[in-house]
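# the sequence and its predicted three-dimensional model are supplied below.
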Amino acid sequence: MEAMVTPSRTPFSPFLSSQLKPIPKPTLHLHSPIPSPPPKDADATATTFTLQQTKEIHAHIIRTQFRPTNILPAQSSPQAQLNFLITSYIKNNTPSAALNLYAHMRETAASPDNFTVPSVLKACAQLSSLRQGMEIHGFVIKAGFHWDVFVHNSLMQMYSDCGSLGFATKLFDEMPDRDVVSWSTMIRSYAWCKLFDEAIELVREMLLSGIRPSEVAIINMLNLFADVGEFTKGRPVHTYLIKNSARESPSVNATTALIDMYVKCGSISAARRVFDRMEEKSTASWAAMIAGFIRGRDMGTAMELLIEMRHNHVFPNEITMLSLVIECGSIGNLELGKWLHAYILRNGFKMSVALGTALVDMYCKCRDLWSAREMFDLMDGKDIAVWTAMIAGYAHTNCIKEAFDLFTQMKDANIKPNEITMVNLLSLCSEAGALDRGRWIHACIDKQGIEMDVVLTTSLVDMYAKCGDINAAYAVFTQTTDRDVCMWNAMINGLAMNGYGEETISLFMEMEKVGVRPNNVTFIGVLRACSHSGLVEEGKQFFSCMEHDYELVPKVEHYGCMVDLLGRAGHLDEAHEMIRRMPNEPNVIIWGALLAACKVHKNPKLGELAAKELLKLEPHNSGYNILLSNIYAIDRRWSKVAEVRKSMKDTGIKKMPGMTAIEVNGVVHEFVMGDASHPQSKKIQAMLSEMQEKLKRAGHVADTSGVYLNIDEEEKETLLNYHSEKLAMAFGLISTPPRTPIRIVKNLRVCDDCHAATKLLSHIYGRVIIVRDRNRFHRFCEGSCSCQDYW
DNA sequence: CTAGGGTTAG
């Protein structure tokens, strides 16, 4: 099903074609009956009925065996009556009822007609049921319907809504006469799949083919350019609007969409000009403009407009407040968020569940978990979205316990988790390396029958990969065929960080083969794989082909990967040369990569240069100060070391604490250096002493070169023994059964001494020890380590 | 027209 997300417009995957052959041609089938065109003015369809009323009419129709009723026009055929019911069910958001009726029609004499088809296709779209949609497509072919624009457009819309851009495109390409709706549908489909360039190309083609865009089409286009976020691309539509407004001025809605487009493209001034010229402004126009000022962090003007709006007798509604709160959360302005919250309460807005959720989410994004929780606890009728928003808040701040506690409470409250809830919990497990928890979530997903969409599958792949179970990650990855670029990236990066260099490259090849276009993130994974596996030449090739063959401009991150790749391999001068040649301004990632390489390959001269550049960029960053002092320590220039340390102390810079986490029986335990806060601290200390003893006997000499303090060797050794990774390992050894693997996660790089010690410990205790540090895995087994570079 | 919670990389 790869073609469902195939980016290119033209090819129609042979796999898919074979399922739907023959593709219908708009020819007239003289021998099959041509169904009558849809009734033009059925009174009943103009009226909207509630779901309850619809059900009653349904029951009545069945009871009276399609006899004319006083609700429907007297001459209504059974067909028309059923069509009416289908439409009414769809209007009431019960697409499955509509599809059941359709199935009923197929079994009875009342065969579906040209009027039925668009309605039931809409139901399929609402349910994202590609299978049923294809079935209807097949029926349309078999029944020999007249292929008018309406049927074509409905089918395209269904395929596009079910995520099958490939089928939609195929139909579009085969249409003899495309109307403005056909074009709009395609443009919208491409925009949804984030294929903006293709969408823009379609806009161009549409205008060239002489189609005059309708208002809906114009609004669609403006929304498209708002998503693209590029000022220059949206400009032509504005020009078009101005040109045409000589005859008829654009509607308030179109102008509002224009303001929204300018705001999202970051041009507040252009938005303001349009806004000021508007004679009549709707609530939405004001909201779009105010959201723009919030986005531009101009709170003063935003507040002024909010007040001015009321002076103009336009009043904000719930949706206005909703979008303001969301915008505020995305810029993380807590002060404004609190003000908006107060404003909402003061002005008696109805606190809907949606608005409450937006507030909870806003507080979470502003990292005020306490206020978020307060709001959350106050809310009545909490639905799955609020629970998920709150869990997401805990997940993003790495509050494992709180997140899982809340998850339990949610289940106790009989709220069924959905895929979004699970994605949040999984990302938490990824971060903490909590494999057992992650597996448990996976089991929950299966048990609860939660739909595995692309995002959830990607999260699962990511979780297994980041927890070091690469086989499980691959198993999930191969179970699905509907993979988007994110999922490929997750798998590629997973292989890369687990040290599978060659495999990463072959997966990349496969991705290319099935026609998924790699993006910037993909290349970060591929380059990192080359870096970790010492594939210098391959890395250089990928780096040059990403620009030449894939038209992707390497970003600073890619240069960072290259500096890391060359640096790790010891090509320090080449790495330095790369930095000098790069078009972008080198940032901390670049110099940091060079500095780390200089430390490993003991090149204090270049290292000092890198460290000084780093400190120019971020004088207060503790990590770089420490690295600089480390560089001096290599040359044993202790006075310089002391100087840096002192300046750090003076400016109040503290070292980011090294932390190591280990999951035992689904509970994540965290340790910092010299940690004695764990309930089992005594036992851990005893274990540490035993480990130290055994290490000594095995001939381990403490590598104190990682301790860059001018203290005596014995003290250095003691310090090393209390590194957080050793504490976590000791705890792992005493609390898990013999021979089971030990997995730990460290937030910084593992130091040289801990690395050497872990190798021996894996042999001494007969354990596989898997350490995940800042960006990759070290797998220790019987006294050796999987990583191939400098260790 | 604006419409609550989500994935990869950093």
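That came through, no problem.
# in chain A, what helix or strand scores lowest on average pLDDT?
Every helix and strand of chain A was ranked by mean pLDDT, DSSP states H and E. The lowest is helix A:14-19, at a mean of 29.
# what sits against A:Ala354?
If you count contacts by C-beta atoms under 8 Å, 6 or more residues apart in numbering, A:Ala354 has them with A:Glu318, A:Leu322, A:Ala385. Using the backbone N, CA and C atoms, a C-beta is placed for each residue, glycine as well.
# quick one: buried residues of the helix or strand harbouring it?
Assessed by DSSP states H and E, A:Ala354 sits inside helix A:353-365. Going by neighbour count (16 or more other C-beta atoms under 10 Å), the buried part of helix A:353-365 is A:Leu355, A:Gly356, A:Thr357, A:Ala358, A:Leu359, A:Val360, A:Asp361, A:Met362, A:Tyr363, A:Cys364, A:Lys365.
# let's have these in CSV, adding distance to DNA strand B and pLDDT.
Below are the buried residues of helix A:353-365 laid out as CSV (distance: C-beta to the nearest atom of the strand, whole Å; pLDDT from 0 to 100):
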residue, distance to DNA strand B, pLDDT
A:Leu355, 8, 94
A:Gly356, 7, 95
A:Thr357, 3, 96
A:Ala358, 5, 96
A:Leu359, 9, 96
A:Val360, 8, 96
A:Asp361, 4, 96
A:Met362, 9, 95
A:Tyr363, 11, 96
A:Cys364, 8, 96
A:Lys365, 8, 94
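# nearest to A:Ala372 among these?
A:Tyr363 (3.5 Å; C-beta to C-beta).
# how about that closest one, nearest residue that isn't a chain neighbour?
Leaving out its chain neighbours, the residue that sits closest to A:Tyr363 by C-beta to C-beta, 6 or more residues apart in numbering is A:Ala372, at 3.5 Å.
# surely the one you found is within a helix?
Yes: according to DSSP: H, G, I helix; E, B strand; the rest coil, A:Ala372 belongs to a helix.
# returning to that earlier point: want to throw the contacts of A:Ala354 into a markdown table with neighbour count, pLDDT and distance to DNA strand B?
Output for the contacts of A:Ala354, formatted as a markdown table (neighbours: other C-beta atoms under 10 Å; pLDDT from 0 to 100; distance: C-beta to the nearest atom of the strand, whole Å):
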| residue | neighbour count | pLDDT | distance to DNA strand B |
| --- | --- | --- | --- |
| A:Glu318 | 14 | 88 | 9 |
| A:Leu322 | 20 | 91 | 5 |
| A:Ala385 | 18 | 95 | 3 |
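# distance of the residue in the stretch 651-791 of chain A positioned nearest to DNA strand B relative to A:Gly560?
Distance from DNA strand B to each residue of the stretch 651-791 of chain A (C-beta to the nearest atom of the strand) is smallest for A:Asn775, at 6.4 Å. Here A:Asn775 is placed at a distance of 11 Å from A:Gly560 (C-beta to C-beta, to the nearest Å).
# do the same with A:Asn603
For A:Asn603, the distance to A:Gly560 equals 18 Å [C-beta to C-beta].
# for A:Pro78, same thing?
68 Å.
# more neighbours, those two?
Counted by other C-beta atoms under 10 Å, A:Pro78 and A:Gly560 do not tie: A:Gly560 has more neighbours, with 26 against 16.
# just give me the longest helix of chain A.
The longest helix of chain A (DSSP state H) is helix A:681-697.
# name the helices or strands packed onto it?
Under the contact criterion of 3 or more C-beta pairs under 8 Å, 6 or more residues apart in numbering; DSSP states H and E, helix A:681-697 touches helix A:724-735, helix A:752-764.
# any idea which of these is most buried?
Ranked by mean neighbour count, the helices and strands packed on helix A:681-697 are led by helix A:724-735 with a mean of 24 (mean count of other C-beta atoms under 10 Å).
# how about the next helix or strand after that helix: buried residues?
Next helix or strand after helix A:724-735 toward the C-terminus (DSSP H and E): strand A:742-746. The neighbour-count check on strand A:742-746 (16+ other C-beta under 10 Å) flags A:Ile742, A:Arg743, A:Ile744, A:Val745, A:Lys746 as buried.
# may I ask which two of the residues you listed are separated the most?
Using C-beta to C-beta, those reach their maximum pairwise distance at A:Ile742 and A:Lys746, which is 12.9 Å.
# only the C-alpha atoms, please, for the strand or helix carrying A:Ala284, written as CSV.
Using DSSP H and E, A:Ala284 sits in helix A:283-295. Only the C-alpha atoms of helix A:283-295 are listed here, as CSV (Å, rounded to 0.1, in the frame of the first residue of the first chain):
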residue,chain,number,x,y,z
THR,A,283,-15.2,37.7,14.9
ALA,A,284,-12.8,35.4,13.0
SER,A,285,-11.0,38.3,11.3
TRP,A,286,-10.3,39.9,14.7
ALA,A,287,-9.3,36.5,16.1
ALA,A,288,-6.9,35.8,13.2
MET,A,289,-5.3,39.2,13.6
ILE,A,290,-5.0,39.0,17.4
ALA,A,291,-3.5,35.5,17.1
GLY,A,292,-1.0,37.0,14.7
PHE,A,293,0.2,39.6,17.3
ILE,A,294,0.5,36.9,19.9
ARG,A,295,2.5,34.8,17.5
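# hmm, whichever helix or strand comes after it in reach of DNA strand B?
Following helix A:283-295 in sequence order, the next helix or strand is helix A:299-311 (DSSP H and E). No: Helix A:299-311 does not reach DNA strand B (C-beta under 7 Å from any atom of the strand); its nearest approach is 11.7 Å.
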